[in-house]
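A.B. asks: curious how this folds, go ahead:
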Amino acid sequence: MGASYSGPRSRATRPFINVAYVPANDRFEPVSLPDRCLGDAPSEATAKGTEGCRIVVHDWRSRVTGPGFPLCVVECTTHGRHFTLYPPAYVPYSRVAVAPVGLDGEIVLGAPAAGPAPEAGPAPDAAPDAAPDAATAHGAPGWDATLFGAALDAANGIAWSREPAADDPRRWQTQRRHISTAALLLGLDASLGDVERDVRARELHLPALRLRDEAREWSTAGGYKSRGKVVASITGELTDARCVLDHILCAGMRAGLWGRAYRWESHTRALRDLLGHRTRPP
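C.D. replies: Numbers count the residues shown, from 1 in each chain. Sure, this is the predicted structure:
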């Protein structure tokens with residue numbers, strides 16, 4: 001399997017819609033269909049939604065990689081448009097999730113993602129009845145199963161195989177590309193100026209000075225392990241489970257990795273523009 005991304009590309013600029021998927025009829029299906037379509041530009045979304053969109057299921061598109069089941073392709077019979085509904089944490093052309101969020105939109109917990117394992121040493125003194133902190137008791141977002149898993153492995157000195165089995169996606173070239181893509185998304189690449197990097201920090205809800213410091217670390221990191229540590233260090237701070245997907249999707253839009261992201265919220269019948277504009281039911 002190739003890499004999930006090869007960098008920004010023109011076909012990745014079209015807007016797309018995320019919607020929760022649930023088990024139904026022996027497969028996963030969208031919890032509900034949007035009641036409007038997206039135009040060629042984000043600004044058209046509201047206008048198209050006021051012209052009596054009629055959305056129907058057109059087809060199911062098979063995928064050989066994540067999320068591992070056919071995705072629903074819908075058609076707006078009013079405007080003659082077709083578009084795919086992506087489950088939370090998946091974007092157009094992605095092979096892996098970009099955030100630790102399940103098909104229903106809920107956070108997926110896993111091992112703490114704070115970077116490489118600490119050096120062995122004597123355990124600190126603690127009171128016998130000391131309670132574990134919240135992160136230990138409830139787990140941390142499961143970044144290891146996402147695009148960022150390549151960097152987490154690298155931070156711990158785990159290099160993906162240069163000669164993997166045919167069905168093994170953990171390939172060396174894929175690991176390198178995922179680490180580079182994660183750095184681009186997080187705003188570590190040298191092409192960003194301080195002002196742009198500060199915007200990326202706001203999208204990710206990170207301290208701007210911290211991101212600038214990590215960008216300097218990235219610029220001097222020479223190998224896959226040291227670069228993985230930089231990415232893992234930032235990933236370990238993205239712990240706001242309620243909003244982590246929105247933060248990642250917005251950062252990816254800013255980085256040019258995918259087009260403008262919308263979320264269909266079935267309970268409110270609202271199409272939410274993740275960069276801040278919320279369209280309302282017609």
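A.B. asks: phi, psi for Thr84 please.
C.D. replies: Main-chain torsions, Thr84, degrees, to the nearest 10: phi -90, psi 140.
A.B. asks: actually Ala150, not the one I typed
C.D. replies: Backbone torsions of Ala150, given as degrees, to the nearest 10, read phi -60, psi -40.
A.B. asks: could you tell me the model confidence score at Ser32?
C.D. replies: pLDDT for Ser32: 95.
A.B. asks: how many neighbours does it have?
C.D. replies: Neighbourhood size, Ser32 [other C-beta atoms under 10 Å]: 15. Using the backbone N, CA and C atoms, a C-beta is placed for each residue, glycine as well.
A.B. asks: hmm, it is touching Thr268, no?
C.D. replies: No. With contact defined as C-beta atoms under 8 Å, Ser32 and Thr268 do not form a contacting pair (11.1 Å).
A.B. asks: where do the strands of the protein begin and end?
C.D. replies: Using DSSP state E, the strands found in the chain span residues 16-18, 21-24, 27-30, 55-61, 71-76, 81-86, 109-110, 140-141, 261-265, 270-273, 278-279.
A.B. asks: now do the last one, average pLDDT.
C.D. replies: Across strand 278-279, pLDDT averages out at 46.
A.B. asks: pLDDT below threshold where in the stretch 151-282 of the chain?
C.D. replies: Within the stretch 151-282 of the chain, the stretches with pLDDT under 70 are 164-167, 241, 277-282.
A.B. asks: from the centroid of the protein, which residue is nearest?
C.D. replies: With distances taken as C-alpha atoms, centre = their mean, Val98 lies nearest the centre of the chain, 2.4 Å away.
A.B. asks: show me the contacts for that residue.
C.D. replies: Val98 makes contacts with 89-91, 146-147, 185, 248-249, 252, as judged by C-beta atoms under 8 Å, 6 or more residues apart in numbering.
A.B. asks: check Ala221 too.
C.D. replies: For Ala221, the contacting residues are 227, 229-230, by C-beta under 8 Å, 6+ apart.
A.B. asks: out of those, which is most surrounded?
C.D. replies: Neighbour count (other C-beta under 10 Å) singles out Val230 as the most crowded of the contacts of Ala221, with 27 neighbours.
A.B. asks: which of the contacts of Ala221 fall within helices?
C.D. replies: Secondary structure from DSSP state H places 227, 229-230 of these in helices.
A.B. asks: returning to that earlier point: would you reformat the contacts of Val98 as TSV and include distance to His82 and neighbour count?
C.D. replies: Formatted as TSV, these follow (distance: C-beta to C-beta, whole Å; neighbours: other C-beta atoms under 10 Å):
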residue	distance to His82	neighbour count
Ala89	23	27
Tyr90	18	23
Val91	18	23
Thr146	28	26
Leu147	27	27
Leu185	28	27
Ile248	26	28
Leu249	22	28
Gly252	23	26
